[in-house]
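**Student:** Provide a 3D model corresponding to the input given below.
(chains A and B)
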Amino acid sequence: MTEALPSNSTVAIVERARGEIRRQKRFQTILFVVVAAAAYLAAGYIGEVSLGTLAEGFFGVFTYIYDTAPTLHWATLGEDLASWYWGIERWLLELWKTVLIAFLGTVFGAAGAFFLCFLASANLAPNRIVAFLCRRFLELSRTVPEIVFALIFVFAFQPGPPAGVIAIAIHSMGALGKLFSEVNENIDKGPLEGLRATGSNWYEEIRFGVVPQVLPNFASYTLLRFEINIRAAAIIGIVGAGGIGQELMIAIKQFHREDQSAIVLMIILCVILIDEVGRRIRHRFIGDDMPSRG
Amino acid sequence: MTPDAIAGYKARYPAAFGPTRRQRAYRIAGAIAFVAFTIYAFIALDFTWERMWNGLDRLGFVFRFMFPPSSGGYFWEYVHALGETIAMALLGTSCASVVALFVGFLAARNVNTSMLGYFAVRRTLDVIRSIDTLIWGLIFVRVVGLGPFAGVLAIFVSDVGTLSKLYGEAIEAADRRQQEGIRATGANRPEELRYGILPQVFPVFLSNSLYFLESNTRSATILGVVGAGGIGFHLADRIRLNAWDEVCLIIILILIAVSAIDWISRAIRLSLIGEGRAGQAAGRFSSVDFIRGEMSRARA
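**Tutor:** Numbering: from 1, shown residues only, chains lettered A, B, ... in the order given. Model prediction:
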């Protein structure tokens, strides 16, 4: 049937073009599959993955959960719970300290970010070199993971909460500094020009032209960060930087299996609680899950 | 303007003349409470002058010894560990994406119509998500032993929690009419989902998964701290040994790897789903890409 069509008919041209596109696409697909397969094989080889261990790992989780689960009997439920949570007072105190670590970390992180963000935003920085340096500095402090900072500070400041506070503060400073300067870059220029016309200096421009505009956004980002930091504070203890994580690490190192499940459960409950509270607060203040940019 | 007129305006628009006495009192009280709480926190967390002073001293020592960075002859070992890190992120994210593709449908209210089933899935995902990747790493190190495989599993499990939730939300936000159209042709349930919903949500899935690949590379770098493979293991080890020049090199390597993955993933995202759709897919979170990463990891 195709022979009946002249080679320059519309149908033939379209068919040829379609064939061309399909060939191209097929080539792309094959290329993609080959590259992906190679990447996965390499990754599987490097990652020491095998199907046997995969299954083992999968079922291992359940064994682990079973091992760490406490033995509760219905008849003696109260006593069993009490012996499972024998350390509840200490753990609650550690949990509270975790919140305090997050609080101080957030306060100092936000303060640092606040001072640097005006220097780091393209439209407000006194000159380009300052902006560049500030931005790189903020970038460095947020790209290095908290845990790495914590490891270093645990060496410097001895194991304990201060190391965690400083690590979280530096990381928060980097993260919030970026967000803050993005807010700054989206401000309304009107007030700034008005202030300039009155002959105010750089500080006055920032104080009266920028800060009133950006403060609500800064506040909501800081609240959000506080939430993130509580989580971070809970795990940063794993390297010895205080808080509930440190208790968990001790329980794991000393094979107190029931303690592990008790503490993990506490962390889960705490995180869910904070999620809920955080969402309510945010809904009340902003009416949306995320503050919008500018 | 006469003083009378000013007084009149003052009475009518008190807010225009600065805070009232009452507001000022509230503000001062708030500030005092804040400062007091901060001081309490300092005391409760064992901040002492001595500790800070000695700490800064030691920190100066650390920085002096960090430069110049050196490999200590282990350069290729570090590069291998870095490869291991990326492999962990790739495998963990991919496997989690495949699983989440199915679980995501179960976590969507418009697909999983059984109320009990929906809530069971959602709550389970909440619990999985509220445990940090690092803690999963700790658990899996106990289960399968030290090594990158524990890290793969940790990333896999915590990502199943987060990605399923995100996928489920995307499915819930999908346009119903396409699904109805497919149903009108006499399609059965799986076909409805395959042709009515999947084409709508796939770009979102892809963009999320790629984004998670990026952020997982970051978390994979630290999983080694708990023994779950990757460069973090060497990092923690060198810090313990006080080999600060090597620590510095490892941190630099991590920074390079993370930004390389960021760049590659962005390129793939753009080429696969196109600029417009990538933006659309990420649009719900566009407020700031960065916080999105951190938040979706933790709570989504």
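**Student:** Please enumerate residues in contact with the host helix or strand of B:F61?
**Tutor:** B:F61 is part of helix B:49-66, with elements assigned from DSSP states H and E. With contacts defined as Cβ atoms under 8 Å, 6 or more residues apart in numbering or on different chains, helix B:49-66 is touched by A:152-153, A:155-158, A:160, A:162, B:242, B:244-245, B:247-248. C-beta: built from backbone N, CA, C; applies to glycine.
**Student:** any idea which of the residues you listed is closest to A:E15?
**Tutor:** Using Cβ to Cβ, B:C248 is the member of these that lies nearest A:E15, at 61.8 Å.
**Student:** what's near enough to touch that closest one?
**Tutor:** B:C248 is in contact with B:66-67, B:69, counting by Cβ under 8 Å, 6+ apart.
**Student:** Go ahead and list the helix or strand containing it.
**Tutor:** helix B:244-283.
**Student:** Name the residues of the helix holding B:F61 that are buried.
**Tutor:** Going by neighbour count (16 or more other Cβ atoms under 10 Å in any protein chain shown), the buried part of helix B:49-66 is B:51, B:55, B:58-59, B:62, B:66.
**Student:** now these as JSON lines including pLDDT and distance to A:R142?
**Tutor:** Formatted as JSON lines, the buried residues of helix B:49-66 follow (pLDDT from 0 to 100; distance: Cβ to Cβ, whole Å):
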{"residue": "B:R51", "pLDDT": "81", "distance to A:R142": "26"}
{"residue": "B:G55", "pLDDT": "80", "distance to A:R142": "22"}
{"residue": "B:R58", "pLDDT": "84", "distance to A:R142": "24"}
{"residue": "B:L59", "pLDDT": "82", "distance to A:R142": "19"}
{"residue": "B:V62", "pLDDT": "80", "distance to A:R142": "20"}
{"residue": "B:M66", "pLDDT": "78", "distance to A:R142": "19"}
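**Student:** now the residues you listed as a markdown table including distance to B:T113?
**Tutor:** As requested, these are exported to a markdown table (distance: Cβ to Cβ, whole Å):
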| residue | distance to B:T113 |
| --- | --- |
| B:R51 | 58 |
| B:G55 | 58 |
| B:R58 | 61 |
| B:L59 | 58 |
| B:V62 | 58 |
| B:M66 | 58 |
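**Student:** hang on, the earlier thing: for the contacts of helix B:49-66, pick the one with the most neighbours.
**Tutor:** A:F153 (28 neighbours; other Cβ atoms under 10 Å in any protein chain shown).
**Student:** check contacts around the nearest residue to that residue once chain neighbours are set aside.
**Tutor:** Setting aside the residues directly before and after it, A:F153 is nearest to A:A163 in space (Cβ to Cβ, 6 or more residues apart in numbering or on different chains), at 3.8 Å. With contact taken as Cβ under 8 Å, 6+ apart, A:A163 is in contact with A:150, A:153-154, A:156-157, A:240-242.
**Student:** change it to 7 Å
**Tutor:** By Cβ atoms under 7 Å, 6 or more residues apart in numbering or on different chains, A:A163 lies in contact with A:150, A:153-154, A:157, A:241.
**Student:** Identify, from the residues you listed, the entry nearest to chain B.
**Tutor:** Comparing those against chain B with Cβ to the nearest Cβ places A:F157 closest, at 3.6 Å.
**Student:** pLDDT score assigned to that closest one?
**Tutor:** Per-residue pLDDT puts A:F157 at 85.
**Student:** Over to A:S172?
**Tutor:** Reading off the model, A:S172 has pLDDT 92.
**Student:** now the angle from the helix or strand where it lies to helix B:49-66?
**Tutor:** Here A:S172, judged by DSSP H and E, is contained in helix A:161-185. For helix A:161-185 against helix B:49-66, the angle by axes from the mean of the first three to the mean of the last three Cα atoms, to 10 degrees is 70 degrees.
**Student:** next structured bit after helix A:161-185?
**Tutor:** In N-to-C order, the element after helix A:161-185 by DSSP H and E is helix A:190-197.
**Student:** Restrict that next one to CA atoms and write it as PDB.
**Tutor:** Output in PDB follows, covering the C-alpha atoms of helix A:190-197 (Å, rounded to 0.1, in the frame of the first residue of the first chain):
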ATOM      1  CA  GLY A 190      10.000  52.800  47.300                       C
ATOM      2  CA  PRO A 191      10.800  53.300  51.000                       C
ATOM      3  CA  LEU A 192      14.500  52.900  50.300                       C
ATOM      4  CA  GLU A 193      14.500  55.600  47.700                       C
ATOM      5  CA  GLY A 194      12.400  57.800  50.000                       C
ATOM      6  CA  LEU A 195      15.000  57.400  52.800                       C
ATOM      7  CA  ARG A 196      17.800  58.100  50.400                       C
ATOM      8  CA  ALA A 197      16.100  61.300  49.400                       C
END
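**Student:** Show me the contact partners of that helix.
**Tutor:** For helix A:190-197, the external contacting residues (Cβ under 7 Å, 6+ apart) are A:204-205, A:208-210, A:213.
**Student:** now the contacts of helix B:49-66 as CSV including distance to B:R12?
**Tutor:** Shown next, in CSV, are the contacts of helix B:49-66 (distance: Cβ to Cβ, whole Å):
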residue, distance to B:R12
A:I152, 59
A:F153, 56
A:F155, 63
A:A156, 59
A:F157, 56
A:Q158, 61
A:G160, 57
A:P162, 53
B:N242, 70
B:W244, 66
B:D245, 70
B:V247, 65
B:C248, 64
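**Student:** Need the max-distance pair from the residues you listed.
**Tutor:** A:G160 and B:D245 (26.5 Å).
**Student:** and stretch A:233-252, anywhere near chain B?
**Tutor:** Yes. Counting by Cβ under 7 Å from any Cβ of the partner chain, chain B is contacted by stretch A:233-252 at A:235, A:238-239, A:242, A:252.
**Student:** Contact partners for the closest residue in space to B:L146 that isn't next to it in sequence?
**Tutor:** Computed as Cβ to Cβ, 6+ apart, the closest residue to B:L146 that is not its neighbour in sequence is B:G227, at 4.5 Å. Shown in contact with B:G227 (Cβ under 7 Å, 6+ apart): B:141, B:146, B:233.
**Student:** same question, A:S181
**Tutor:** Applying Cβ under 7 Å, 6+ apart, we find A:S181 in contact with A:117, A:120-121.
**Student:** How much space separates it from A:R142?
**Tutor:** Distance, A:S181 to A:R142, by Cβ to Cβ, to the nearest Å: 12 Å.
**Student:** And the strands in the stretch 1-150 of chain B, which stretches?
**Tutor:** Secondary structure of the stretch 1-150 of chain B (DSSP state E, counting those that start in this stretch): no strands located.
**Student:** Alongside chain A, which residues does it contribute?
**Tutor:** Listed as neighbours of chain A in the stretch 1-150 of chain B under the rule Cβ under 7 Å from any Cβ: B:38, B:41, B:44-47, B:51, B:55, B:58-59, B:62, B:83-84, B:87-88, B:90-91, B:126-127, B:130-132, B:134-135, B:138-140, B:142-144, B:147-149.
**Student:** Of those residues, select the buried ones using a PyMOL command.
**Tutor:** The buried subset of the residues of the stretch 1-150 of chain B next to chain A, as determined by 16+ other Cβ under 10 Å, is captured in PyMOL by this line:
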select buried, chain B and resi 41+45+47+51+55+58+59+62+83+84+87+88+90+91+126+130+131+132+134+135+138+139+140+142+143+144+147+148+149
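**Student:** Show me the residues of the stretch 1-150 of chain B next to chain A that map onto helices.
**Tutor:** Among these, the members found in helices (DSSP state H) are B:38, B:41, B:44, B:51, B:55, B:58-59, B:62, B:83-84, B:87-88, B:90-91, B:126-127, B:130, B:134-135, B:138-140, B:142-144, B:148-149.
**Student:** Report how many residues lie close to B:N112.
**Tutor:** Applying other Cβ under 10 Å, we find 19 residues neighbouring B:N112.
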